[in-house]
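>>> Requesting a structural model of the entry that follows:
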Amino acid sequence: MVTAYDVPSAQVAEEAGVDLVLAGDTAAMTVLGYPGTAAVTFEEMLVLTKAVRRGLLTPLLVGDLPFGSYERSHEQAIASAQRFVKEAGCDVVKFEGPASGRARAIVEAGIPVMGHLGLTPQTTTALGGGFKAQARDFVAARRLIDDALALEAAGCFALVLEAVPAEVAAAVTRRLEIPTIGIGAGAATDGQVLVLNDLLGIFEEFKPRFVKRYAQLRREMVTAVSSFAADVRARRFPAREHCYSMEPDDRETFLASLEADA
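Below you'll find the predicted structure:
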């Protein structure tokens, strides 16, 4: 599973043959330049998710409900999920946190739900300490298992586990019948997810411990744009092969008309 935020990134995921694509609220940071994910609006996420849908055919498309679009009530959560399905073409939705009642309400409205426990970036302030691993002590680890079981009982079809100890994620995975998808949760989960801009080396503002860079595209992009600027300043670009031309007769007539004007 990878994230995607527009048509090109969706097409990359499609051609690469991944199983699931999350139109993630990480777009807040990787695309829109916000300092965290909580700042992105529902309408912004809807626009980005629609773009992903237009570039995606085979993988399951997961719509990421942004902060403020599901917490107030079951009715608000259902309405937000319905818009993601109806307007953006999502197959399922995901939201953060242990609100099993909220998950059940969305599922009962006919929309599959993916849960998300551990580090929940939308609420890092409430968790304390910013983007840090969770469930690292006995009490928190047991609570995470209980929350995971509650989300499964509520009807979630899968669960993301983010930034939790590998042994805790393994225990959760063994306890659940639904698949788990890890991000910074060790190798025992049923699947893995990374932010596309992280794994491609496009977003370099910070690098979480769990990220593996599979490319360094930002550096290549800077090199390419720098080369373009240098070619323009040295008048090496555009060259003849980059230009359009006129038919010979039209060119002669045109030039002759300019001479006559003079």
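>>> Could I get the full set of helices for the stretch 101-250 of the chain?
For the stretch 101-250 of the chain, applying DSSP state H, counting those that start in this stretch gives helices covering 124-127, 138-154, 166-175, 196-199, 217-233, 248-261.
>>> I'd like these laid out as TSV, including mean pLDDT, mean neighbour count and distance to Ala16.
(Glycine included, C-beta is placed from N, CA and C.) Listed next are those as TSV, based on pLDDT from 0 to 100; neighbours: other Cβ atoms under 10 Å; distance: least, Cβ to Cβ, whole Å:
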stretch	mean pLDDT	mean neighbour count	distance to Ala16
helix 124-127	50	12	30
helix 138-154	98	17	29
helix 166-175	98	19	24
helix 196-199	96	22	10
helix 217-233	98	12	14
helix 248-261	95	9	47
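>>> do you know which of the ones you listed lies nearest Ala81?
helix 138-154 (13.9 Å; Cβ to Cβ).
>>> That closest one - contacts with which helices or strands?
Secondary-structure packing of helix 138-154 (3 or more Cβ pairs under 8 Å, 6 or more residues apart in numbering; DSSP states H and E): helix 100-108, strand 113-118, strand 158-162, helix 166-175.
>>> could you dump those to a markdown table with distance to Glu241?
Putting the helices and strands packed on helix 138-154 into a markdown table (distance: least, Cβ to Cβ, whole Å) gives the following:
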| stretch | distance to Glu241 |
| --- | --- |
| helix 100-108 | 55 |
| strand 113-118 | 49 |
| strand 158-162 | 49 |
| helix 166-175 | 55 |
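>>> Which of the helices of the stretch 101-250 of the chain sits closest to Glu15?
The closest of the helices of the stretch 101-250 of the chain to Glu15 is helix 196-199. By Cβ to Cβ, the value is 12.9 Å.
>>> Let me know how buried Glu204 is, in neighbour terms.
Per other Cβ atoms under 10 Å, the neighbour tally for Glu204 reads 13.
>>> All the strands of the stretch 1-150 of the chain, in order from the start?
2-3, 20-23, 60-64, 92-94, 113-118 (DSSP state E, counting those that start in this stretch).
>>> who does the third one touch, helix- and strand-wise?
When contacts are defined as 3+ Cβ pairs under 8 Å, 6+ apart, strand 60-64 sits against strand 20-23, helix 42-55, helix 74-86, strand 92-94.
>>> ok, now with 10 Å
With contacts defined as 3 or more Cβ pairs under 10 Å, 6 or more residues apart in numbering; DSSP states H and E, strand 60-64 has these neighbours: strand 20-23, helix 42-55, helix 74-86, strand 92-94, strand 113-118, strand 158-162.
>>> Kindly report the same for the shortest one.
Secondary structure elements in contact with strand 2-3, counted by 3+ Cβ pairs under 10 Å, 6+ apart, are helix 7-16, strand 20-23, helix 196-199.
>>> for these, which one ends up most surrounded?
Ranked by mean neighbour count under mean count of other Cβ atoms under 10 Å, the helices and strands packed on strand 2-3 are led by strand 20-23, which reaches a mean of 26.
>>> Quick check: mean pLDDT of that strand?
Mean pLDDT, strand 20-23: 98.
>>> Could you list the domains of this protein?
When the chain is parsed with automatic domain parsing, its domains come out as 2-215, 220-261.
>>> distance of the nearest residue to Thr173 once chain neighbours are set aside from Ser257?
With Cβ to Cβ, 6 or more residues apart in numbering as the criterion, Thr173 has its nearest non-adjacent residue at 4.6 Å, and that residue is Thr180. Thr180 sits 73 Å away from Ser257, going by Cβ to Cβ, to the nearest Å.
>>> picking that back up, for Gly55, see how far away the residue nearest to Thr173 is.
Per Cβ to Cβ, Thr180 is found 27 Å from Gly55.
>>> the more surrounded of those two?
For Thr180 versus Gly55, neighbours defined as other Cβ under 10 Å are more numerous around Thr180 (24 against 17).
>>> which residues sit in contact with the more buried one?
Taking Cβ atoms under 10 Å, 6 or more residues apart in numbering, we find Thr180 in contact with 115, 117, 148, 158-161, 169-170, 172-174, 188-192.
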